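*Asks:* heads up, no residue letters with this:
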């Protein structure tokens, strides 16, 4: 009797632990929200909450793209540089008298080109995704520096207002940049959930060889995924440039590793084949909330950097550990 | 006949591919020497040897990591922290003592990286990349916290620093002292890598970690060892780095990981693991140093240099994968 109760209790505890460890990102968000109840900062004001989402929007858009690459068992570390470069390209083209919308489209396409090259090198030439995209990132950042001579570039005064309205305008009480984020998120969700392309992504991320032998065009699917990742990063770059009315080559320095980590925190594993848009949304929000909370508590920025490092190491370690355990179970 | 021709052509391509670094260095030197007479002066030669400095040591350490099939982005954090702590300890425990503490600290931080990787079961390069990036943030933040963000000025240190000055400016014959130290390390590490069982088992681990494990090589200990070597070499480069400058900032190590990986890969050590040598890395470092020297002499813009560097890195990785798959 006693033993039975004991084992039952054990089982319940096991289930709770399992559920919590599966939803660790949600748990982290809940903990942070509770912690903020006890700080005397202006966390729970409409302004701050809007601000969090507005600041997170470019990262979220990039994360949606990176999700595609990670699901296909890749990853993209060139997104930060692509983001910087596309913003700069948009602003320079506008300043040189090109139509604003045309310039933005060209800038977004520049990201697609980088993504396409990444895809070619990773999928077609079978190079290791993370190292080749790291190199691509260096190259693209060099281009961004060359274009601006390492100075931040604003739009010329007569065009600034129209350009800034793209991101900073408000529709139904929500800033435009958030609308774009929501639309791209919904699009990616649809892409992954309801199209054959999305299903193929999951399939080839789960097992590349099996997907190949079951007739999926693995090369094309993965290639498209990388191209989309580059495009998303470029779109985020244009929107950020419009939000700040400035393009700078150093905007994207910390982005790639942060976004990739955020995606993994959400539960899209480097092992490929799992995760999705909602996961990435939650993962990035964890990073953003963490920063906002630490600011709210007035924590020294160097300690913030330290905490961020610990969080990254901890999260990736947990991901590795889960993969290891899964392998041992099988 | 055509078959023979084809064979010869593949032989030639094979030769060029194998000695690509040599060929590139040769072309670079000849072109620069013709266009810019300042290149072949004794002054520039000394300059070149000095520029070998910090990067060459990190690259030597990184070679072992990459041969072992991993990668280490924590180098910037380790260099910054070691440089700052060593400098701050000089007044209390003397110069040599501080240097020893710094070297030990580097090795310990490297060890810590390795242990974290082993414990979490991170057995791929990609995971090692993210974890060591996180560790770099941690070490870098520690360096910033230690000085609360300010720089360390060597002129404010009262204790005499003969070893540091010698390392920074000293010459042995026509070679700079830091270059001689580099040659010593190169020799020792080359012997370690090619003549000892332990050194060879690093190659086996990088070649196929499962097979190595099954044939009785303690792969986990090897992982910790290679990260410790890399941490130690990063500490050496931190000391060489601050010996050359008066003011040391707490972010002094930034971008070293990038250049070190580039030097190793350009030298021809495969990122897939298992193949490579410290001698190849020396060629890689030579190319990186020569390239920046030549581009400076030829008056190439700084940012354009950045683009070219990225281009060379991407090409080197691409060729490496083409060659080994």
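*Replies:* Thanks, I have the structure now. Computed from a predicted model, the values in this text were never measured in an experiment.
*Asks:* CA only for contacts and neighbour counts going forward, please
*Replies:* Fine.
*Asks:* need the residues of chain B near chain A, please.
*Replies:* B:116-117, B:120-122, B:126-127, B:130-139, B:141-142, B:144-145, B:303-311, B:313-314, B:317-318, B:321-322 (C-alpha under 8 Å from any C-alpha of the partner chain).
*Asks:* buried subset of the residues you listed?
*Replies:* Among the residues of chain B next to chain A, those buried by neighbour count (16 or more other C-alpha atoms under 10 Å in any protein chain shown) are B:116-117, B:120-122, B:126-127, B:130-139, B:141-142, B:144-145, B:303-311, B:313-314, B:317-318, B:321.
*Asks:* now, the residues you listed that are in helices?
*Replies:* B:116-117, B:120, B:126-127, B:130-139, B:141-142, B:144-145, B:303-311, B:313-314, B:317-318, B:321 (DSSP state H).
*Asks:* which residues touch the spatially most central residue of chain B?
*Replies:* Chain B has residue B:59 as the residue nearest its centroid, 1.4 Å off, counting by C-alpha atoms, centre = their mean. For residue B:59, the contacting residues are B:260-261, B:263-264, B:281, B:285, by C-alpha atoms under 8 Å, 6 or more residues apart in numbering or on different chains.
*Asks:* ok, 10 Å please
*Replies:* B:65, B:230, B:233-234, B:237, B:256-265, B:278, B:281-282, B:284-285 (C-alpha atoms under 10 Å, 6 or more residues apart in numbering or on different chains).
*Asks:* just checking, which helix or strand of chain B averages the lowest pLDDT?
*Replies:* In chain B, no helix or strand scores lower on mean pLDDT, DSSP states H and E than helix B:2-18, which sits at a mean of 66.
*Asks:* low-scoring stretches of chain B, by residue?
*Replies:* Applying pLDDT under 70 to chain B flags residues B:1-10, B:13-18, B:324-325.
*Asks:* now do the helices in it.
*Replies:* Going by DSSP H, chain B shows helices at B:2-18, B:20-35, B:42-67, B:75-93, B:95-120, B:125-146, B:162-169, B:177-195, B:197-207, B:209-214, B:219-244, B:256-267, B:278-298, B:302-324.
*Asks:* list of residues touching the shortest one?
*Replies:* So the one you mean is helix B:209-214. With C-alpha under 10 Å, 6+ apart as the test, helix B:209-214 has contacts from B:68-69, B:123, B:201-206, B:215, B:217-220, B:273-274.
*Asks:* hang on, residue A:77 in a helix?
*Replies:* No - Residue A:77 is assigned coil when assessed by DSSP: H, G, I helix; E, B strand; the rest coil, not a helix.
*Asks:* correct me if wrong: it contacts residue A:132.
*Replies:* Yes - using C-alpha atoms under 10 Å, residue A:77 is in contact with residue A:132, at 8.5 Å.
*Asks:* intersection of neighbour lists for these two?
*Replies:* Both residue A:77 and residue A:132 are contacted by residue A:138, under the criterion C-alpha under 10 Å, 6+ apart.
*Asks:* output the contacting helices and strands for the helix or strand containing residue A:283.
*Replies:* Per DSSP states H and E, residue A:283 falls inside helix A:277-296. On a contact count with 3 or more C-alpha pairs under 10 Å, 6 or more residues apart in numbering or on different chains; DSSP states H and E, helix A:277-296 meets helix A:24-37, helix A:46-71, helix A:176-194, helix A:255-266, helix A:301-329.
*Asks:* now the first one against helix A:277-296, angle please.
*Replies:* So that's helix A:24-37. Interaxial angle, helix A:24-37 versus helix A:277-296 (axes from the mean of the first three to the mean of the last three C-alpha atoms, to 10 degrees): 30 degrees.
*Asks:* if you count contacts, what does helix A:24-37 end up packed against?
*Replies:* Counting contacts by 3+ C-alpha pairs under 10 Å, 6+ apart, helix A:24-37 packs against helix A:2-22, helix A:255-266, helix A:277-296.
*Asks:* tell me which of these lies nearest to residue B:183.
*Replies:* Nearest of the helices and strands packed on helix A:24-37 to residue B:183, taken as C-alpha to C-alpha: helix A:255-266 at 35.4 Å.
*Asks:* and the closest one, does that touch chain B?
*Replies:* Yes - using C-alpha under 10 Å from any C-alpha of the partner chain, helix A:255-266 reaches chain B at A:257-258, A:260-261.
*Asks:* and residue A:118, what does it touch?
*Replies:* A:76, A:78, A:112, A:124-125, A:127, A:129, A:132-133, A:136, A:223, A:226-227, A:229-230.
*Asks:* not counting its neighbours along the chain, what's nearest residue A:39?
*Replies:* Once flanking residues are discounted, residue A:39 sits nearest to residue A:297: 6.7 Å by C-alpha to C-alpha, 6 or more residues apart in numbering or on different chains.
*Asks:* which residues touch the one you found?
*Replies:* A:35-36, A:38-41, A:43.
*Asks:* can you tell me which of the helices and strands packed on helix A:24-37 is nearest to residue A:239?
*Replies:* That would be helix A:255-266 among these, by C-alpha to C-alpha, at 15.0 Å.
*Asks:* so which elements touch the closest one?
*Replies:* helix A:24-37, helix A:46-71, helix A:79-95, helix A:129-148, helix A:277-296, helix A:301-329, helix B:125-146.
*Asks:* and if we set it to 7 Å?
*Replies:* The contact analysis (3 or more C-alpha pairs under 7 Å, 6 or more residues apart in numbering or on different chains; DSSP states H and E) places helix A:255-266 against helix A:46-71, helix A:79-95, helix A:277-296.
*Asks:* most packed of those helices?
*Replies:* Of those, the one with the most neighbours on average (mean count of other C-alpha atoms under 10 Å in any protein chain shown) is helix A:79-95, at a mean of 29.
*Asks:* so what touches it?
*Replies:* Applying C-alpha atoms under 7 Å, 6 or more residues apart in numbering or on different chains, the set of residues contacting helix A:79-95 from outside is A:100, A:103-104, A:107-108, A:110-111, A:137, A:140-141, A:144, A:155-156, A:230, A:233-234, A:236-238, A:241, A:247-253, A:255-256.
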